[in-house]
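A.B. asks: Provided below are the primary sequence and the corresponding predicted coordinates.
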Amino acid sequence: MFAILRGHPNKDLADLGEQHMQHDLQPEDRARLRKAASKVSTHATLGSLLGLGLGLAMAWRIRQNRQSLFNVFRMVSKPTEVVFANGRREPVPDLEPLLRPTRWGDIATYTAFALGGSMLGGEMGLLTGSASATRTITRDPDSRQRIEDAFRLFQIDVLKRQVNMLERGQGQGDRIRRGGRRARLAAPPAGIG
């Protein structure tokens, strides 16, 4: 489920990537990349849905087993008291109300298994989709080389933007210098510089 909702956090980088796709790649390369991206999305979606279904099925099965176990426990004759060697008698408390399946327990079971199955299925779908997308991209060696070159140029532009931001003082170092305790951590040790 969470694999489906992932997006790119930085719109500037997404726009820069789109520019490189338009200028550095041929139309068949762009189509190949879009096909690969749709494979990742499809696999993640299907994995999340399958994981959700499997999680709900497992939760239902656990609930049925818990109910069966409780029914067997309720039917069995239980001791009512314990007699010690010295003749002392102690009553045995009734555990039936503590072992009875509850609605809140069922809700917790279904929720935990549904979320866990959905997350596990989504991540597995993301892995299989990535493998399938990689095969799609690497099938044609010429297209693969153009895509790698375009990605390399994209990385160069991203690094140039980060260098420019750091030179203008808009990076994380600027935030560190402004924050009280962190300012001492950012200051160079005595005797250096």
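C.D. replies: Okay, I see it. Numbers count the residues shown, from 1 in each chain.
A.B. asks: residues touching Trp60, list them.
C.D. replies: By CB atoms under 8 Å, 6 or more residues apart in numbering, the residues touching Trp60 are Tyr110. Placement of C-beta: from N, CA and C, glycine included.
A.B. asks: any idea how far Asp106 is from it?
C.D. replies: 10 Å (CB to CB, to the nearest Å).
A.B. asks: Leaving out the residues flanking it, which one is nearest to Arg74?
C.D. replies: Glu96 (6.1 Å; CB to CB, 6 or more residues apart in numbering).
A.B. asks: Touching, the one you found and Phe73? I think so.
C.D. replies: Yes: Glu96 is within contact range of Phe73, at 7.2 Å (criterion: CB atoms under 8 Å).
A.B. asks: quick one: the strands in this structure?
C.D. replies: For the chain, the strands defined by DSSP state E occupy 81-83, 89-91.
A.B. asks: thinking Thr109 is in contact with Ala59, fair?
C.D. replies: Yes: the pair formed by Thr109 and Ala59 meets the contact definition of CB under 8 Å, at 4.9 Å.
A.B. asks: quick revisit: just the local confidence number for the residue nearest to Arg74, please.
C.D. replies: Turning to Glu96, the model gives it a pLDDT of 83.
A.B. asks: What's the separation between it and Ile62?
C.D. replies: Going from Glu96 to Ile62 by CB to CB gives 20 Å.
A.B. asks: Repeat that for Pro141.
C.D. replies: The gap separating Pro141 from Ile62 is 51 Å, by CB to CB.
A.B. asks: Which one's more surrounded, those two?
C.D. replies: Remark: of Pro141 and Ile62, Ile62 carries more neighbours, 14 against 8, as counted by other CB atoms under 10 Å.
A.B. asks: ok, now which ones touch that one?
C.D. replies: Neighbour list for Ile62: 109, 113 [criterion: CB under 8 Å, 6+ apart].
A.B. asks: And it, how close does it get to Ala114?
C.D. replies: Computed as CB to CB, the Ile62 to Ala114 distance reads 12 Å.
A.B. asks: The longest helix seen in the chain: how far from the chain's middle?
C.D. replies: Longest helix of the chain, by residue count under DSSP state H: helix 27-75. How far helix 27-75 lies from its chain's middle: 14 Å, per CA atoms, centre = their mean, to the nearest Å.
A.B. asks: pLDDT averaged over it - what is it?
C.D. replies: 92.
A.B. asks: And the contacts of stretch 43-55?
C.D. replies: Applying CB under 8 Å, 6+ apart, the contact partners of stretch 43-55 are 1, 3-4, 113-126, 128-129, 132.
A.B. asks: Buried subset of the residues you listed as a PyMOL selection?
C.D. replies: The PyMOL command for the buried members of the contacts of stretch 43-55 (criterion: 16 or more other CB atoms under 10 Å) is given here:
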select buried, resi 1+3+4+113+114+116+117+118+119+120+121+122+123+124+125+126+128+129+132
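A.B. asks: Which residues does stretch 81-90 contact?
C.D. replies: With contact meaning CB under 8 Å, 6+ apart, stretch 81-90 is reached by 91-92.
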